[in-house]
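Undergrad: This is a predicted model, with the sequence first.
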Amino acid sequence: MSLKPINFFLKSEITIEGGILKNLEDEVSKLGLSNPLFLFDSNLQSSDYFQEIYKKSKKFVNEDNFLSIDINGEPTYNFLTELSLKIKYIKYDSIISLGGGSTIDIGKGLSLLATNPRNPIELKGFPENLNLPLPHITAPSVLGSGSEVSFNAVFIDTDEGRKLGINSRNNFPIRVLIDPLITMSAPKSVVIASALDSLVHCIDSFGSVKSTEISRAFSRIGFKNSWNFLTNGNFNDASARNLISIGSIFGIYALMNAGDGPTNGFAYYFGVKNKIPHGMAGGMFLKDVMKWNCNNGYEGYKEIFDDINVSSEKDFFTIFNDLYKNIGIRKLKEFGYEKTDLNKLSKKVATSLAGSFAGNPILFDDKSALDVLNCQFMED
């Protein structure tokens, strides 16, 4: 009997611990480093806990080692270019990124540019033959996207209106510090969008035609933790953040190893086009893509339902509908789309997202996209 080969990769040392960011000096010195460039999300400045971290960190790095990242939405290649030109890389031996997914992605880009000086647009996609970057330490202030442990870095090409990124395995951070306490200042809407992003990663990777026994195990653990976080509704409970931190890590590792599917594709298309936060854009379509798969013969989700103690497909979607109502998921019709737009839109989306659609466990084409888009104009 021939065995199908399985490839699965993991990287980065991860610690989940409340209060760990108050000991940044120790964590940096353990790595043999001493002079990091400290990137932080400007929104954190109103957080008392961040101010405590900032005060302690100034004991081992200079004031001019701190760089505030002020950005709404996901970064562009142009933004990365402008920022990189301001930095004298020779001063630093590493980079620490403390913030949401965009700040962390910027940290990945800067770490790579420090040792591969060129126009960031030249690194678009999946660049190869690169020098190793500056060591990069990540500390997420929002949990769900998985950016803190992944090699992908999202950047938008404004000329093409597409989200492409800089995706090199050199981007893996050397250390990941997850401190649930720093995540408590994130707005509820951001917390929910990020948790939805984790659900999308888990479901798309679970059903992916490229999934393996190992990746599906990661998908299931990630989904269970992210689902429990969202359905329990304890968004302001620091201990509940452990659920979404695990969901985030397991979901993105599954996605990296198995690939995505239609939901992530829809999120990329409408997120860029309508400036919808990526996680929320994915959440808008996740339930309908799952239901479409179930209605068209896919039975694989039974393992997912068992993991969250839901006895039937019908019960699952009833709970999912209630969750959507509770967290206020929006629909395409709220962004100016009309039902008469959908025939043309479904063909355009299918062409743009052919790669993501191809990952679905059963054939998913422009007609399938039309079915899902039509759900955006129905009452649940």
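TA: Sure, I can see it. Numbers count the residues shown, from 1 in each chain.

Undergrad: switch to C-alpha atoms for all contacts and neighbour counts from now on
TA: OK.

Undergrad: which parts of stretch 197-206 are buried?
TA: Going by neighbour count (16 or more other Cα atoms under 10 Å), the buried part of stretch 197-206 is 197-206.

Undergrad: Which of these lies at the shortest distance from L323?
TA: When the buried residues of stretch 197-206 are compared for distance to L323, the smallest value, 12.8 Å, is given by L199; criterion: Cα to Cα.

Undergrad: Leaving out sequence neighbours, find the closest residue to the closest one.
TA: The shortest distance from L199 to any residue that is not its chain neighbour, by Cα to Cα, 6 or more residues apart in numbering, is 5.6 Å, and that residue is F223.

Undergrad: how about the one you found, what does it touch?
TA: Shown here is F223, whose contacts under the criterion Cα atoms under 8 Å, 6 or more residues apart in numbering are 198-199, 202-203, 247, 251, 304.

Undergrad: Of the residues you listed, which is the nearest to E25?
TA: Proximity of the contacts of F223 to E25 (Cα to Cα) peaks at G247, which lies at 27.8 Å.

Undergrad: wait, what's in contact with the closest one?
TA: For G247, the residues meeting the contact criterion (Cα under 8 Å, 6+ apart) are 144, 198-199, 221-226.

Undergrad: Quick check: which element contains it?
TA: G247 is located in helix 241-258, with elements delineated by DSSP states H and E.

Undergrad: ok so, going back, what separates the residue nearest to L199 from A281, distance-wise?
TA: Using Cα to Cα, to the nearest Å, we find F223 at a distance of 18 Å from A281.

Undergrad: and if you look at E148?
TA: Where A281 is concerned, E148 sits at a distance of 20 Å (Cα to Cα).

Undergrad: on that earlier part again, can you tell me which of the contacts of G247 are in helices?
TA: Among these, the members falling in helices are 198-199, 221-226 (criterion: DSSP state H).

Undergrad: Dump these to CSV, plus distance to N23.
TA: What follows is the ones in helices among the contacts of G247, written out as CSV (distance: Cα to Cα, whole Å):
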residue, distance to N23
S198, 28
L199, 31
I221, 30
G222, 28
F223, 31
K224, 31
N225, 27
S226, 28
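
Undergrad: wait, which of those is closest to D64?
TA: Closest approach to D64 among the ones in helices among the contacts of G247 (Cα to Cα): S198, at 34.8 Å.

Undergrad: didn't that closest one look like it was pressed against S245?
TA: No - counting by Cα atoms under 8 Å, S198 does not reach S245; the two are 9.5 Å apart.

Undergrad: anything in contact with each of the two?
TA: Common neighbours of S198 and S245, counting by Cα under 8 Å, 6+ apart, are G144.

Undergrad: Which strand or helix spans L67?
TA: Taking DSSP H and E as the criterion, L67 maps to strand 66-69.

Undergrad: Oh, that last question was meant for V28, not what I typed.
TA: For V28, the host element (DSSP H and E) is helix 24-30.

Undergrad: Now tell me what touches the next helix-or-strand element following that helix from outside.
TA: From helix 24-30 onward toward the C-terminus, using DSSP H and E, the following helix or strand is strand 36-41. Contacting residues not belonging to strand 36-41 are listed as 61, 65-70, 92-100, 103, 107 [Cα under 8 Å, 6+ apart].

Undergrad: Now do the buried residues in the following helix or strand past strand 36-41.
TA: The C-terminal neighbour of strand 36-41 among helices and strands, as given by DSSP H and E, is helix 48-57. For helix 48-57, a neighbour-count test (16+ other Cα under 10 Å) marks 49-50, 53-54, 56-57 as buried.

Undergrad: Let me know the closest of these to T263.
TA: Minimum distance to T263 across the buried residues of helix 48-57 is 34.2 Å, recorded for F50 (Cα to Cα).

Undergrad: I'd say the closest one and I182 touch.
TA: Yes - checked against Cα under 8 Å, the pair F50 and I182 is within contact range at 6.7 Å.

Undergrad: Run a quick neighbour tally on G165.
TA: Under the neighbour criterion other Cα atoms under 10 Å, G165 is assigned a count of 23.

Undergrad: actually D159, not the one I wrote
TA: The burial metric for D159, expressed as a neighbour count using other Cα under 10 Å, is 6.

Undergrad: Checking it next. Helix, strand or coil?
TA: Secondary structure state of D159, per DSSP: H, G, I helix; E, B strand; the rest coil, is coil.

Undergrad: what's the spacing between it and G165?
TA: Taking Cα to Cα as the measure, D159 and G165 are separated by 14 Å.

Undergrad: okay, and the common contacts of these two?
TA: Overlap between the neighbourhoods of D159 and G165 is empty, taking contacts as Cα under 8 Å, 6+ apart.

Undergrad: residue ranges for the strands of the stretch 51-200 of the chain, please.
TA: Secondary structure of the stretch 51-200 of the chain (DSSP state E, counting those that start in this stretch): strands at 66-69, 94-99, 136-140, 156-157, 162-163, 175-178.

Undergrad: out of the ones you listed, deepest packed?
TA: Comparing these by mean neighbour count (mean count of other Cα atoms under 10 Å), strand 136-140 comes out on top with a mean of 28.

Undergrad: So what touches that strand?
TA: Counting contacts by Cα under 8 Å, 6+ apart, the residues outside strand 136-140 that touch it are 94-101, 104, 107-108, 111, 148-149, 172-179, 183.

Undergrad: Next, S215: phi, psi?
TA: With angles defined as degrees, to the nearest 10, S215 sits at phi -60, psi -40.

Undergrad: got the contact list for the nearest residue to it once chain neighbours are set aside?
TA: For S215, ignoring the flanking residues on the chain, the nearest one in space by Cα to Cα, 6+ apart is A254 at 4.8 Å. Contacts here follow Cα under 8 Å, 6+ apart; on that basis A254 touches 201-202, 205-206, 215-216, 218-219.

Undergrad: Break down the protein into its helices, ranges please.
TA: So, for the chain - with DSSP H - the helices run 24-30, 48-57, 77-85, 101-115, 188-207, 213-232, 241-258, 262-274, 278-295, 302-307, 313-327, 342-352, 354-357, 366-375.
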